[in-house]
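Visitor: With the input below, show me the fold.
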Amino acid sequence: MDKKTYRLLEDYMLCCMEDSAHDKEHVYRVLYNALEIAKGEDNVDYDVLITACLLHDIGRKEQFENPKVCHAAAGADKAYQFLLGQGFDTDYAEQVKQCIQTHRFRKNNQPQSLEAKILFDADKLDVAGAIGVARTLLYKGIVSEPLYSVLPDGTVSTGEDDDAPSFFQEYKYKLENLYSKFYTERAAKMAKERQPIANAFYNSLYQEVNASYQNGRSELDQVLQ
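Guide: Got it, this is the predicted structure:
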């Protein structure tokens with residue numbers, strides 16, 4: 001891929017990014033993660049990989065406006081039409097489309113090509129560790145969801161069995177469980193290195209807020225008597 005083509009793809013990506021939790025810097029991190037992962041793989045089509053990384057989240061606006069829309073599917077269609085409109089080969093556009101379609105967690109839509117697996121792993125790395133915690137908190141703030149839920153007995157829920165969305169619920173449902181779901185050896189190793197940081201943050205935050213509720217309720221009862 002030459003620099004002119006890269007700039008063309010980058011400019012299109014930049015005009016599509018509006019979500020601060022999935023902004024251009026997220027896209028660049030995914031791209032850089034993907035290039036690091038690709039060093040451990042053979043026969044990587046770097047043109048397809050770079051294009052898919054740059055365009056993988058261009059459907060976020062459509063999903064944000066209508067939560068029923070899958071940003072991966074919307075972005076894949078947008079990328080395909082953009083590439084064809086710019087004169088790219090149909091087979092090339094289709095390969096990129098397939099990568100973008102399968103970069104989300106979906107049991108019935110697994111990545112098949114090497115480039116799709118690398119994109120999937122690179123994107124998931126940006127949900128691992130400290131950066132994953134930070135991005136999740138940022139997104140929860142954007143959509144006005146709380147840090148945690150409080151149980152009927154007045155204790156703070158761990159999030160494990162919650163139906164209501166919160167940071168703790170997202171951590172238990174997604175962030176805590178992603179470390180065994182990588183396709184490439186390099187990505188799995190990188191994720192494992194980040195895992196203790198995320199675990200420590202969640203455990204510390206839970207202990208702090210739960211202690212506040214337990215101690216605070218006891219103190220309040222004494223004052224109200």
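
Visitor: How far does stretch 137-152 stretch from one end to the other?
Guide: Terminal residues of stretch 137-152 lie 24 Å apart, using Cα to Cα, to the nearest Å.

Visitor: repeat for stretch 64-77
Guide: Using Cα to Cα, the end-to-end distance of stretch 64-77 comes out at 16 Å.

Visitor: who's in contact with that stretch?
Guide: With contacts defined as Cβ atoms under 8 Å, 6 or more residues apart in numbering, stretch 64-77 is touched by 18-19, 55-60, 62-63, 97-98, 100-104, 106. Where C-beta positions appear, they are placed from N, C-alpha and C, glycine not excepted.

Visitor: Which ones among those residues map onto helices?
Guide: Among the contacts of stretch 64-77, DSSP state H puts 55, 60, 62-63, 97-98, 100-101 in helices.

Visitor: Just the buried ones among the contacts of stretch 64-77, please.
Guide: Among those, the ones that count as buried by 16 or more other Cβ atoms under 10 Å are 19, 55-60, 62-63, 97-98, 100-104.

Visitor: element containing residue 120, please.
Guide: Using DSSP states H and E, residue 120 sits within helix 114-125.

Visitor: Show me what that helix is packed up against.
Guide: Here helix 114-125 touches helix 24-38, helix 46-55, helix 90-101, helix 185-224, going by 3 or more Cβ pairs under 8 Å, 6 or more residues apart in numbering; DSSP states H and E.

Visitor: Would you mark the buried spots in the helix or strand that it is followed by?
Guide: Per DSSP H and E, helix 114-125 leads on to helix 129-142 as the next helix or strand towards the C-terminus. Residues of helix 129-142 classed as buried: 129, 131-133, 135-137, 139-140 (neighbour count, 16+ other Cβ under 10 Å).
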